[in-house]
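Novice: Compute the structure for the input listed below.
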Amino acid sequence: MRPIQLQISGLQSYRELQTIEFGQLVDAGVFGIFGPTGSGKSSILDAITLSLYGKVERASGGTQAIMNQAEQTLFVSFTFELTNAAGTERYRVERQFKRGTEQSINGTITRLLHLRDNETIVLADKAGEVNQQVYHILGLSMQDFTRAVVLPQGKFAEFLTLTGKDRRQMLQRLFHLERYGDHLSAKVSSCVKETDSTIKQLAAEQQGLGDASNQALEEAQARLVEAEQEAVRSRNYLQQTEILYEEHKQVFQWQSEQASLANEVLKQQEQEQSIREKEQLLQQAEQAEKVVPYLQQFAVASKELLTGQDQLDAALHSQRTAETTYQQATLTYDHAQQELASQEGPLLLRVDQLQQALVIQQELNQVQAQIEAAQRQEGEAKSHFTALQTELAKNLETKQKAILKQAELKEQLALIETNAVARQLTQAASQEKQVIMQLKTQEQEASQNQKEKEALYKDLEQNHVQLVSKQKVLQQRLSMWQQQSQALSDSLLVQRENLTRFIPFMQANIDEQKMRWKTLERHALAASLAHGLLEGEPCPVCGATEHPLFKQPNDSRSAEAVIGHSETATTGSIEELLQHGEEILQKAKERQYAHQQLQRRMASSYQQAIEMSVFFPAQQRDATEQLNKGLYEAAVTQEEKKGSAELNMDAALQTWRALEEATGSCHSDVDHLEQDFHMIQKDCTGLEQQFVQVRTQQQTAADLLAEANRRLVAVTTTLTEQTQQWRERFIELSWDTIEQQLEQLLANERLADELRGRIEKSIPFLDGLAAKMEELQRAAMEQDRAALQLHERLQGLAQFAADKSRQLALRAPVGDVPQLMAEATATLERLRLLAQQAKHAHAAALAEQFAATQRYSAAAEAAAAATRQLAHTERALHGALEENGFASREARKQRRWRPSSAVCGRSSRPSTASAIKRCARSWRSWRRSCKAAC
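Specialist: Model prediction:
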């Protein structure tokens with residue numbers, strides 16, 4: 001990346017827009033940024049990081065407190081070029097922020113531009129998209145950028161102490177080696193996982209299939225045939241059973257229907273008598289239901305007649321009450337009118353007189369108030385005059401005392417005034433003495449600081465010695481680990497070579513055993529075929545009729561021996577031996593692959609140990625030599641062991657058991673060594689950081705100690721010179737009593753200033769007293785004149801009040817006028833109100849009397865109509881009862897009916913009542929039967 005231009009505004013110490021052109025600087029070669037502390041050197045690097053990644057490495061949260069306190073917006077723009085095989089591409093990143101809170105900021109504009117010859121292409125305009133595009137273009141994350149390109153203060157040591165994994169990943173991203181690193185590892189890991197999954201799947205399928213030999217297959221086929229035959233027999237039996245079941249089911253259904261019909265016939269016979277009774281009851285209920293409307297009309301008419309009688313009685317009572325109320329209201333109205341006519345005239349005259357007296361009383365009250373106010377003002381004027389005379393005498397006495405006090409102050413001032421030159425000389429001596437005393441304090445502080453810095457430097461030296469001791473211990477641990485690692489690597493290499501040699505020899509033995517097995521099988525087959533040949537019959541293989549090779553007497557025994565041996569080999573040992581050999585061969589290959597992975601892990605850890613040995617230079621050289629020596633010895637051993645003797649199957653099995661026993665604990669040993677190495681690596685990193693920190697602190701402490709020594713010498717020299725100069729300049733003054741002398745002079749000067757101030761204050765005070773005395777004399781004369789005027793006015797008001805009192809006595813000789821006025825007015829209003837209320841009550845009683853008369857007439861008419869309606873419904877009810885057969889003979893004979901007796905509460909005819917009851921019972925019984933049937 002080649003920087004071209006950087007623009008900054010509002011970032012830390014850069015308030016105004018600043019533009020930095022890197023083009024000329026880059027063309028000149030290596031360049032530097034120099035300036036005092038706080039001038040903004042690191043801010044330039046922060047601006048580059050902020051423009052590319054939107055964050056600042058050294059800021060809390062990436063963006064807190066990076067904006068200038070006097071600004072509200074922050075802007076950065078960075079233009080850079082990238083050169084590759086395709087050419088040079090130029091890009092520009094722009095970011096703008098605005099202030100959120102006092103410490104935080106919010107992004108407003110973010111853009112990534114691709115600058116070409118004549119056009120500008122916007123690649124991204126959102127913060128997240130810009131960050132992704134920058135990572136894609138540069139191939140570096142912010143962490144990589146601050147480690148490899150822009151190293152902030154104090155981060156260089158962190159870059160040097162990166163572990164192998166972090167350094168490898170960063171270099172991988174820098175040089176685009178992902179396809180040789182992470183991608184290749186991921187691909188290999190994926191292939192290993194897929195192969196392992198395939199192997200496990202095949203093993204599971206093989207285990208699920210079970211035994212697949214010819215004998216097992218024939219037995220399974222035989223069982224299948226038997227099962228199919230059994231299935232045919234079972235299906236035939238099932239069909240016969242289903243047919244029999246259907247026949248029995250039909251018979252059972254017919255029997256159930258026959259029993260149900262028989263029960264139904266019995267129920268119908270039992271219900272026949274009940275049905276006849278219900279039919280008779282139904283007929284009676286139908287006749288009774290025809291009478292129900294007449295019964296209802298009769299009940300309604302009776303109820304209306306009773307209601308009419310009650311209303312008639314109530315109307316009669318209301319009419320009588322209204323008549324009584326009207327008579328009482330007439331008497332009350334006449335009495336109220338008479339009393340109002342007799343008392344209204346005198347009361348009106350009394351009210352008029354009292355109104356005149358009230359006006360006179362109000363005027364008299366006003367005059368009395370004026371007299372009281374004038375008397376109060378006269379008293380106040382006399383009091384003010386007396387107070388002014390007293391205050392005037394006090395002021396005269398105060399003035400005389402002030403003149404005497406002023407003379408005393410002037411005498412004291414003349415006695416304590418001092419020489420200004422002597423005071424200035426004493427002040428200068430005291431000030432220079434204070435400077436010298438401050439230098440002594442600084443000398444003590446510098447001496448104490450020098451002692452503290454010296455003690456700190458010694459402590460840091462002791463810490464460095466302790467770290468060196470820890471380094472030696474850690475170096476011994478690393479050496480021991482390397483020895484153990486080398487020994488384990490040698491053991492792994494030997495075991496791997498043994499496995500490498502064992503696998504082909506094991507494969508050769510298995511192949512040889514297979515060939516022997518096939519040869520023996522062919523011989524056994526030939527012997528079996530020859531054993532079955534007969535003289536004169538053709539051979540099934542060659543067709544010959546003569547068999548000379550098998551004519552000897554011993555031939556049959558040899559063939560039988562071959563056949564027996566073949567059967568023995570086929571049935572047992574050789575097949576099991578070959579299967580066991582195949583399993584051992586597969587385990588040996590898996591163990592070889594596992595040892596290869598362990599060797600890679602050990603080599604990686606050993607390489608990291610060599611890289612870590614940069615912390616121990618001698619250790620690194622010894623480790624490298626030891627690694628080269630081990631590799632050379634391993635190569636020699638491998639060459640020497642290539643020509644080993646052949647192994648037979650028994651020896652191969654014994655060798656495998658030895659190898660399996662030897663390689664059993666390799667995984668745990670490697671894991672243990674890796675765990676130990678990680679602990680050593682962690683301790684080494686921490687110790688290295690402590691070394692860097694202690695060295696930095698030692699350098700800082702040495703600088704501080706030198707500075708403290710220089711400061712102590714400078715302060716001591718200055719103190720000696722200042723003390724000598726003071727004694728030479730102020731010979732007449734005493735070093736020990738200079739403060740007391742200066743304090744006495746300053747006290748006298750303060751007292752003199754106070755006296756002069758008091759004298760200056762006394763002058764306007766005396767002038768004020770004189771002016772105040774003149775004002776008091778003028779006010780006393782005005783108060784005397786006002787008191788005389790008020791006395792004359794009081795005499796006139798007293799004469800006017802006496803006249804008004806006489807007029808009031810003529811109109812209201814006794815009592816309070818407002819109270820008398822209120823009583824007369826209340827009496828008159830009460831009489832008028834009573835007359836008005838009596839008039840309204842009389843009119844209301846008259847209206848109520850008329851309304852009660854109308855209500856009585858209406859109630860009488862309604863009672864007569866109800867009587868007529870009851871007689872009509874009674875006749876209709878008798879006719880309906882006779883028509884439907886509910887009336888008795890006596891009822892038919894008695895035709896006359898007196899409704900008045902029913903209205904008055906007398907009993908009705910017995911025959912009619914009994915007929916109505918019979919009809920009602922029939923009707924209710926029919927209703928219950930209908931409900932039960934429903």
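Novice: What mean pLDDT does stretch 192-203 get?
Specialist: Taken as a whole, stretch 192-203 has an average pLDDT of 82.
Novice: Show me what whichever strand or helix holds residue 692 packs onto, helices and strands only.
Specialist: Assigned by DSSP states H and E, residue 692 belongs to helix 666-729. Secondary-structure packing of helix 666-729 (3 or more C-beta pairs under 8 Å, 6 or more residues apart in numbering; DSSP states H and E): helix 420-531, helix 573-612. Yep, even glycine has a C-beta here, placed from its N, CA and C like the rest.
Novice: Around the nearest residue to residue 38 once chain neighbours are set aside, count how many other residues there are.
Specialist: Spatially, and ignoring its direct neighbours in sequence, residue 38 is nearest to residue 13 (7.1 Å; C-beta to C-beta, 6 or more residues apart in numbering). Burial measure for residue 13: 11 neighbouring residues, criterion other C-beta atoms under 10 Å.
Novice: for residue 13, phi and psi?
Specialist: With angles defined as degrees, to the nearest 10, residue 13 sits at phi -80, psi 0.
Novice: before we move on, back to that, the helices and strands packed on helix 666-729: lowest mean pLDDT?
Specialist: helix 573-612 (a mean of 64).
Novice: Below-threshold pLDDT in the stretch 601-750 of the chain: ranges please.
Specialist: 601-671, 673 (pLDDT under 70).
Novice: is it true that the residue nearest to residue 38 touches residue 68?
Specialist: Yes. Residue 13 lies in contact with residue 68 (C-beta atoms under 8 Å); the separation is 7.2 Å.
Novice: ok so, going back, distance of the residue nearest to residue 38 from residue 60?
Specialist: 18 Å (C-beta to C-beta, to the nearest Å).
Novice: Equivalent analysis for residue 695, please.
Specialist: For residue 695, the distance to residue 60 - C-beta to C-beta - is 28 Å.
Novice: Comparing the two, which residue is more hemmed in?
Specialist: Neighbours were tallied for residue 695 and for residue 60 using other C-beta under 10 Å; the higher tally belongs to residue 695 (14 against 10).
Novice: need the contact list for the spatially closest residue to the more buried one that is not a sequence neighbour.
Specialist: Spatially, and ignoring its direct neighbours in sequence, residue 695 is nearest to residue 464 (7.7 Å; C-beta to C-beta, 6+ apart). By C-beta atoms under 8 Å, 6 or more residues apart in numbering, the contact list for residue 464 reads 694, 695, 698.
Novice: Can you tell me the SS state at residue 33?
Specialist: What DSSP: H, G, I helix; E, B strand; the rest coil gives for residue 33 is coil.
Novice: Would you confirm that it contacts residue 40?
Specialist: No. Counting by C-beta under 8 Å, residue 33 stays clear of residue 40, with 9.2 Å between them.
Novice: So for these two, which residue has more residues nearby?
Specialist: A direct count of neighbours by other C-beta under 10 Å for residue 33 and residue 40 places residue 40 higher, at 16 against 12.
Novice: Next one, pLDDT for the nearest residue to the more buried one once chain neighbours are set aside please.
Specialist: Residue nearest to residue 40 in three dimensions, not counting chain neighbours: residue 13, with 4.6 Å by C-beta to C-beta, 6+ apart. According to the predicted model, the pLDDT of residue 13 comes to 81.
Novice: residues of stretch 761-777 that come out buried?
Specialist: By neighbour count on 16 or more other C-beta atoms under 10 Å, the buried set for stretch 761-777 is 762, 769, 773, 776.
Novice: Nearest to residue 366 among those residues?
Specialist: Residue 366 lies nearest to residue 776 out of the buried residues of stretch 761-777, by C-beta to C-beta, at 36.3 Å.
Novice: Name the nearest residue to the closest one, ignoring sequence neighbours.
Specialist: What sits nearest to residue 776 in space, not counting adjacent residues and going by C-beta to C-beta, 6+ apart, is residue 392, at 4.5 Å.
Novice: The one you found: what's it in contact with?
Specialist: Going by C-beta under 8 Å, 6+ apart, residue 392 touches 773, 776, 777, 780.
Novice: Moving C-terminal from the host helix or strand of the first one, which element do we reach first?
Specialist: According to DSSP H and E, residue 773 maps onto helix 738-811. Toward the C-terminal end, the helix or strand that comes next after helix 738-811 (DSSP H and E) is helix 817-883.
Novice: Just want the angle from that next one to helix 738-811.
Specialist: Interaxial angle, helix 817-883 versus helix 738-811 (axes from the mean of the first three to the mean of the last three C-alpha atoms, to 10 degrees): 80 degrees.
Novice: burial of the spatially closest residue to residue 104 that is not a sequence neighbour, as a residue count?
Specialist: Closest residue in space to residue 104, ignoring its immediate chain neighbours: residue 64 at 6.0 Å, by C-beta to C-beta, 6+ apart. For residue 64, the neighbour count with other C-beta under 10 Å is 14.
Novice: again, but for the one 5 residues further on
Specialist: Neighbouring residues of residue 69 were enumerated by other C-beta under 10 Å; the total is 9.
Novice: that's a helix at it, yeah?
Specialist: No. Counting by three-state DSSP, residue 69 is not part of a helix but coil.
Novice: before we move on, back to that, return the distance of the helix holding residue 692 from the chain's centre.
Specialist: Helix 666-729 has its C-alpha centroid displaced from the chain centroid by 46 Å (C-alpha atoms, centre = their mean, to the nearest Å).
Novice: follow-up on the earlier one: Three-state assignment for the residue nearest to residue 776, please.
Specialist: Recorded secondary structure, residue 392: helix (three-state DSSP).
Novice: Now do the same for it: its pLDDT.
Specialist: So residue 392 comes in at 80 (pLDDT).
Novice: how close does it sit to residue 385?
Specialist: 11 Å.
Novice: okay, and the common contacts of these two?
Specialist: With C-beta under 8 Å, 6+ apart as the test, residue 392 and residue 385 both reach residue 780.
Novice: so what's the residue nearest to residue 38 up against?
Specialist: Residues in contact with residue 13 (C-beta under 8 Å, 6+ apart) are 38, 39, 40, 43, 68.
Novice: In space, what's closest to residue 801 - neighbours in sequence excluded?
Specialist: Residue 801's closest residue in space is residue 367 (C-beta to C-beta, 6+ apart), at 4.6 Å.
Novice: part of a strand, is that neighbour?
Specialist: No. Counting by three-state DSSP, residue 367 is located in no strand; its state is helix.
Novice: got the contact list for it?
Specialist: With C-beta under 8 Å, 6+ apart, residue 367 has these contacts: 797, 800, 801, 804.
Novice: Swap in 10 Å and give it another go.
Specialist: Residues near residue 367 by C-beta atoms under 10 Å, 6 or more residues apart in numbering: 797, 798, 799, 800, 801, 802, 803, 804, 805.
Novice: pLDDT, distance to residue 333 and neighbour count for those - can I get that in a markdown table?
Specialist: Below are the contacts of residue 367 laid out as a markdown table (pLDDT from 0 to 100; distance: C-beta to C-beta, whole Å; neighbours: other C-beta atoms under 10 Å):
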| residue | pLDDT | distance to residue 333 | neighbour count |
| --- | --- | --- | --- |
| 797 | 77 | 56 | 18 |
| 798 | 80 | 57 | 12 |
| 799 | 79 | 56 | 9 |
| 800 | 79 | 52 | 14 |
| 801 | 76 | 51 | 17 |
| 802 | 79 | 52 | 11 |
| 803 | 78 | 50 | 12 |
| 804 | 73 | 46 | 18 |
| 805 | 75 | 47 | 14 |
